[in-house]
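*Asks:* Give me a model of this one.
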Amino acid sequence: MTARTAPRWPVRYLLFIGGLGGLLYGIDIGIIAGALPYLEATASQAWHLSSQQLGFVVAAVLLGSVLSSLFAGLVADLIGRRGAMLLAGVLFTASIPIMALASGYTPLLLGRLLQGISGGLIGVVVPLYLAEVLSPERRGRGAAMFQLLLTIGLVLAALIGLYQAHAVDAATEAARRLPDAQQAQALFAAKDHAWRTIFWSCLTPGIVFCVGLFWLSESPRWLVRRGRVDDARRSLQRVLAPDQVEATLAQIQAPDTRSADGKREPLLSRRYVKPFLLACVVLACTQATGINSVLAYAVNILNQAGLSGSVANGADVAIKLLNALMTVAALLLVDRKGRKFLLMLGSGGICVALLAAATLFFQAERGRADVQPQLHAAVQGDDLRLVLDDAQWQQLGAGIDREGRPLQLTVSYAYGDFTNVRALRSDNPGDRELRIERAGTVQPDSVIGTFFRRLHLNPFADPASAAQAPLRIEQARIGPVPPPAHGWAVAACILVFVAFFAVGPGVCVWLALSELMPNRIRSNGMSIALLINQFVSTTIAALFLPTVGHYGYASMFLLWAGCTFVFFLVAALWLPETKGKSLEEIEAHFR
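*Replies:* Numbering: from 1, shown residues only. From the prediction side, this is the model:
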């Protein structure tokens, strides 16, 4: 090893453990999708869970993540970056047996909540640790590795769910040869085993992450703040070339945090506020591209675009695989081309792809006919039950130039402030009836909702007023299903969108989160910025179905394109290039 060569294996090991944190984060997000169908089929029967309780099980990860994100910076400052990562790993690992061995609603909800708390800690602390430990030349690679393993975690969760789906299908075929009395019992056992096995399969990466942390050193910047200079020196020696250790240590020990008169600058000074706001804008704009909604609703989008169910599912798998492959490309480019270049390239490509998809949907949606009066006339006693046989489809689609294509009907309706959207296709055997009932739309308050309603702060719909509100058919439009060529064109736009996102914002968002924050506010600033990120993501997810139901997919893609154009301007005009600069040098830029 030469004097200017940094140790290789300690750095690679650090990148591996940091990447495992991204894997756990991806599993946190994606694992419930494969388990939910079997959990719903068995838990509702064995434990009599309502749909609302199942919704709480799904949403518990988000709640835990939001809560822990808010306090993750404080935890990282109190017990150290490595200590906070170990806490996250222990919570994740403990959540697996709690969920897999659950015999009722409470342990299942507790396990999901712990999983969410773990995810929120990982999302803040792992990028924070990588930024503070790695040299400027390797920081981009660390963030890219975190994002790469995050995408692989999503793919892994999908593959685990797919494997168990095949196992359940095989068990279903085998059960058909059993007597009727034993069929239900065999199917219940197969589905119960499926969702528990899906959760058990996540245990190994959690254990490896926890054990692997014991061979990592603590962040040198946290150690210096605690007065442990010798420990900080040893930590730097593991990741830096020998001739860089003392210079870096001196830079960390003497940051310029005082104004010209020698007083400590207030937190609202320009050097703190500007980079904090810039990081928050970058994280908000990253979610405002619509990436999470596109990945979550890809099958729905492609179905509406003209692809059949099986083809749309295949395209969905291709989208997630491309996301992982392009993250590998970002891993190679981020420390060569720089963050500013990749963010401009990524946001520009995303904007073009979204505009193209919006144009395609606008062409497909402009020929739809309004059938709201017909559906409103069919409402009886605040309910709607309409048999959609061939004759009814012909009647609703009278006068539409179909060119031999099937029809699709989109209905937006509401009881009071509770709204919902239904989309049906004439070529889908499962869409032979349109049934709208109050019980399936109006949901009672959760415990959290009840608490905030007592304080008159609840922003959600009020079930008390909706209990007597009449059914409103707000919009109903029918039109021909676009041809498969249109669906493939939309799929191509989404693939381009995902590719540019993976190369640009997908990786650089973690760097913006950790690099732009000044040392004095980095941990708590990252917590707040990630909380804003999650708030924007949740808001867009909540608005997605109502927006496309009222205004169509074209409007949603146009909104995302507008937000992405703002993202491009922020990256081009205000974002400084941080490639190859120490955290202290980046902070000095904002003085």
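*Asks:* which residues of the stretch 301-450 of the chain score low on pLDDT?
*Replies:* Scanning the stretch 301-450 of the chain with the threshold set as pLDDT under 70 gives 309-310, 401-402, 430, 445-450.
*Asks:* Quick one: the helices in it, in order.
*Replies:* Here the stretch 301-450 of the chain has its helices, by DSSP state H, counting those that start in this stretch, at 309-337, 339-365, 372-377, 390-396, 447-454.
*Asks:* so which of these gets nearest Gly212?
*Replies:* Ranking these by proximity to Gly212 (Cβ to Cβ) places helix 309-337 first, at 20.0 Å. To be clear about C-beta, it is placed using only N, CA and C from the backbone, and glycine gets the same treatment.
*Asks:* Tell me which other helices or strands that closest one touches.
*Replies:* With contacts taken as 3 or more Cβ pairs under 8 Å, 6 or more residues apart in numbering; DSSP states H and E, helix 309-337 sits against helix 136-175, helix 291-296, helix 298-305, helix 339-365, helix 484-503, helix 505-515.
*Asks:* any idea of the angle that helix forms with helix 339-365?
*Replies:* Taking axes from the mean of the first three to the mean of the last three Cα atoms, to 10 degrees, one finds that helix 309-337 is oriented at 160 degrees with respect to helix 339-365.
*Asks:* pretty sure Thr289 is touching Gly349, no?
*Replies:* No. Contact status for Thr289 versus Gly349: not in contact, 10.7 Å apart, counting by Cβ atoms under 8 Å.
*Asks:* got the contact list for Ala318?
*Replies:* Contacts for Ala318 (Cβ atoms under 8 Å, 6 or more residues apart in numbering) come out as Leu495.
*Asks:* how near is it to Val490?
*Replies:* To Val490, Ala318 is 13 Å away according to Cβ to Cβ, to the nearest Å.
*Asks:* What of Trp215?
*Replies:* Applying Cβ to Cβ, the value for Trp215 to Val490 is 47 Å.
*Asks:* thinking again about what came up before, overlap of the contact sets of Thr289 and Gly349?
*Replies:* Between them, Thr289 and Gly349 share the contacting residues Phe497, judged by Cβ under 8 Å, 6+ apart.
*Asks:* Neighbour count: those two, which is higher?
*Replies:* For Thr289 versus Gly349, neighbours defined as other Cβ atoms under 10 Å are more numerous around Thr289 (27 against 19).
*Asks:* What segments of the stretch 401-550 of the chain are strands?
*Replies:* 407-415, 418-425, 433-436, 471-480 (DSSP state E, counting those that start in this stretch).
*Asks:* quick one: Val421 and Leu62, what's the gap?
*Replies:* Counting by Cβ to Cβ - Val421 and Leu62 are separated by 21 Å.
*Asks:* With Gly487 instead?
*Replies:* From Gly487 to Leu62 the distance is 31 Å (Cβ to Cβ).
*Asks:* List the contacts of the residue most central in space within the chain.
*Replies:* Nearest to the mean C-alpha position of the chain, counting by Cα atoms, centre = their mean, stands Asn292 at 5.0 Å. Contact analysis of Asn292 by Cβ under 8 Å, 6+ apart lists 537, 540-541.
*Asks:* ok, it to Gln244 distance?
*Replies:* Asn292 sits at a distance of 39 Å from Gln244 (criterion: Cβ to Cβ).
*Asks:* ok, back up a step: want to try JSON lines for the contacts of Asn292, with distance to Ala165 as columns?
*Replies:* Formatted as JSON lines, the contacts of Asn292 follow (distance: Cβ to Cβ, whole Å):
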{"residue": "Ser537", "distance to Ala165": "27"}
{"residue": "Ile540", "distance to Ala165": "28"}
{"residue": "Ala541", "distance to Ala165": "24"}
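*Asks:* Tell me which of those residues fall in helices.
*Replies:* Judged by DSSP state H, the subset of the contacts of Asn292 located in helices is 537, 540-541.
*Asks:* Tell me who's in contact with the closest residue to Ala358 other than its chain neighbours.
*Replies:* The shortest distance from Ala358 to any non-neighbouring residue, by Cβ to Cβ, 6 or more residues apart in numbering, is to Phe557 (3.7 Å). Residues near Phe557 by Cβ under 8 Å, 6+ apart: 290, 354-355, 357-358, 361.
*Asks:* now do 6 Å
*Replies:* Counting by Cβ atoms under 6 Å, 6 or more residues apart in numbering, Phe557 makes contact with 354, 357-358.
*Asks:* could I get those residues as a markdown table with neighbour count?
*Replies:* Below are the contacts of Phe557 laid out as a markdown table (neighbours: other Cβ atoms under 10 Å):
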| residue | neighbour count |
| --- | --- |
| Leu354 | 27 |
| Ala357 | 28 |
| Ala358 | 21 |
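*Asks:* out of the residues you listed, who's nearest Phe500?
*Replies:* Closest to Phe500, out of all of these and judged by Cβ to Cβ, is Leu354, at 10.0 Å.
*Asks:* right, and the closest one touches Ala561 too?
*Replies:* Yes. Leu354 is in contact with Ala561 according to Cβ atoms under 6 Å; the separation is 3.9 Å.
*Asks:* Roughly how far does the residue nearest to Gly552 when sequence neighbours are not counted sit from Tyr38?
*Replies:* Spatial nearest neighbour of Gly552, chain neighbours left out: Glu365 (4.4 Å); criterion: Cβ to Cβ, 6+ apart. As judged by Cβ to Cβ, Glu365 and Tyr38 stand 36 Å apart.
*Asks:* go on, Gly397?
*Replies:* 37 Å.
*Asks:* same check, this time on Pro484
*Replies:* 32 Å.
*Asks:* neighbour-wise, which of these two wins?
*Replies:* Ranked by neighbour count (other Cβ under 10 Å), Pro484 and Tyr38 place Tyr38 first, with 23 against 14.
*Asks:* Does the more buried one touch Trp195 like I think?
*Replies:* Yes. Using Cβ under 6 Å, Tyr38 is in contact with Trp195, at 4.1 Å.
*Asks:* what stretches of the stretch 101-250 of the chain score poorly on pLDDT?
*Replies:* Scanning the stretch 101-250 of the chain for pLDDT under 70 picks out the ranges 180-181.
*Asks:* who are the neighbours in contact with Lys581?
*Replies:* Contacts of Lys581 by Cβ under 6 Å, 6+ apart are Pro136.
*Asks:* and it, helix, strand or coil?
*Replies:* Secondary structure, DSSP: H, G, I helix; E, B strand; the rest coil: Lys581 is coil.
*Asks:* ok, now how distant is it from Val239?
*Replies:* Taking Cβ to Cβ, one finds Lys581 at 16 Å from Val239.
*Asks:* Repeat that for Leu70.
*Replies:* Going from Leu70 to Val239 by Cβ to Cβ gives 30 Å.
*Asks:* Which one's more surrounded, these two?
*Replies:* Val239 (20 against 17).
*Asks:* what's the next secondary structure element after the one helix or strand Leu91 maps to?
*Replies:* Here Leu91 sits within helix 81-100, counting by DSSP states H and E. Once the chain leaves helix 81-100, the next helix or strand it forms, by DSSP H and E, is helix 105-133.
*Asks:* hang on, the earlier thing: now the contacts of Phe557 in a markdown table, with distance to Ala588?
*Replies:* Formatted as a markdown table, the contacts of Phe557 follow (distance: Cβ to Cβ, whole Å):
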| residue | distance to Ala588 |
| --- | --- |
| Leu354 | 37 |
| Ala357 | 42 |
| Ala358 | 42 |
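*Asks:* For Lys191, state which of those residues is nearest.
*Replies:* Comparing those against Lys191 with Cβ to Cβ places Ala357 closest, at 36.5 Å.
*Asks:* Give me the distance between stretch 120-132 and the centre of its chain.
*Replies:* Per Cα atoms, centre = their mean, to the nearest Å, the displacement of stretch 120-132 from the mean C-alpha position of its chain is 17 Å.
*Asks:* neighbouring contacts of stretch 523-531?
*Replies:* Identification of contacts with stretch 523-531 by Cβ under 6 Å, 6+ apart yields 69-70, 72-73, 76-77, 123-124, 128, 276, 279-280, 283, 513, 517.
*Asks:* Thank you, goodbye.
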